[in-house]
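Colleague: need a 3D model of the following:
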Amino acid sequence: MKKLKRWFRDRIEPEGMRPPSNPPLDQGGFAVVSYYVNEYEKEFVRIRNVSKVSVSRKITLIATLNAGIAILGVASAAWKYPWFGLGSTLLAGIVGVLAARNNLFRDQELWQLRSEILSKIQQIKRDMQYRVASGEDGHTIAPDILRKLDDLLERDLAGWSGVANSSPGLLEASASSQNPTT
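Modeller: Down below sits the predicted model:
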C-alpha cells in the first residue's frame, strides 16, 4: 500500500524543489544549520531521483516510438496499407515533440546538476560532522557551513535557470565560475 501511495503522490506532486519547513529556532544556530543541511540533502535525493526516472522514461518512450515508426514503415511498404504510413508519420511527430521538449528543459543536464549538488551537500555535511567531532564549537562552524550551503543553492538556482532558459553549456560555465583555477 505504501508503494501505491508513493507512486500516486509522485505523479500528483510537482517535480520541483520543495522548501524545507521551519527549523528548530530555539536550539541555536548550529541546530538550524544542521537542520537545513539535512533537509536539503533529503530534497536533493528526491528531486535527483525524479529527474533520473523522468530521463529514463523519456529515453525508453522515444526508443519505443522509434521502433514503432520502423515497424509501421516496413508494414506500410510490404502490405501497401497507407494507414500504416500515416501511423508512422504520427509517431514521428510525437517523437519530434518529445525531443523538442527534452531539448528545451534538458532533463538529463538537470539530473547531472542535481547529482553534483547532492554530492556537494553531502561533502558539506561530512565537513560539518568532522569539525564538530574534532572539537570545534558549533557556533563558530554554523556561519561557515551556512555560507557554503547558500553558495551551493545559488549555484543550483543558476544552473536550473540556465537549463530552463535553454542555455547550452551552462553546466560547464557554472562549474568554471565556481572554480576559476580550471
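
Colleague: helices and strands of the protein: which one bottoms out on pLDDT?
Modeller: The weakest-scoring helix or strand in the chain, judged by mean pLDDT, DSSP states H and E, is helix 170-178 (a mean of 48).

Colleague: give me every residue that touches Leu149.
Modeller: 33, 36-37, 40, 121, 124 (C-beta atoms under 8 Å, 6 or more residues apart in numbering). C-beta: built from backbone N, CA, C; applies to glycine.

Colleague: in the residues you listed, find the pair that's most separated.
Modeller: Greatest spatial distance in the contacts of Leu149: Val33 and Ile121, 12.2 Å, computed using C-beta to C-beta.

Colleague: which strands and helices sit next to the helix or strand containing Ser119?
Modeller: Per DSSP states H and E, Ser119 falls inside helix 107-133. Where contact means 3 or more C-beta pairs under 8 Å, 6 or more residues apart in numbering; DSSP states H and E, helix 107-133 is packed against helix 29-79, helix 138-164, helix 170-178.

Colleague: what's the mean pLDDT across the first one?
Modeller: Taken as a whole, helix 29-79 has an average pLDDT of 93.

Colleague: other SSEs contacting that helix?
Modeller: Helix 29-79 packs on helix 82-105, helix 107-133, helix 138-164, going by 3+ C-beta pairs under 8 Å, 6+ apart.

Colleague: need the contacts of Leu149 in CSV with distance to Met17, can you?
Modeller: What follows is the contacts of Leu149, written out as CSV (distance: C-beta to C-beta, whole Å):
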residue, distance to Met17
Val33, 19
Tyr36, 13
Val37, 15
Tyr40, 9
Ile121, 12
Ile124, 17
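
Colleague: now the helix holding Ser119 against helix 82-105, angle please.
Modeller: On the basis of axes from the mean of the first three to the mean of the last three C-alpha atoms, to 10 degrees, helix 107-133 is oriented at 40 degrees to helix 82-105.

Colleague: got the buried residues for helix 107-133?
Modeller: 107-114, 116-118, 120-121, 124-125, 128, 131 (16 or more other C-beta atoms under 10 Å).

Colleague: can you check stretch 89-107 too?
Modeller: 91-92, 95, 102, 105-107.

Colleague: same check on stretch 35-51?
Modeller: 35-37, 40-41, 43-44, 46-48, 50-51.

Colleague: residues in contact with stretch 37-49?
Modeller: Residues outside stretch 37-49 that contact it (C-beta under 8 Å, 6+ apart): 15-18, 20-21, 111, 114-115, 117-118, 121-122, 124-125, 128, 145, 149, 153.

Colleague: contacts only, for Ala99.
Modeller: Neighbouring residues of Ala99 by C-beta under 8 Å, 6+ apart: Ile62.
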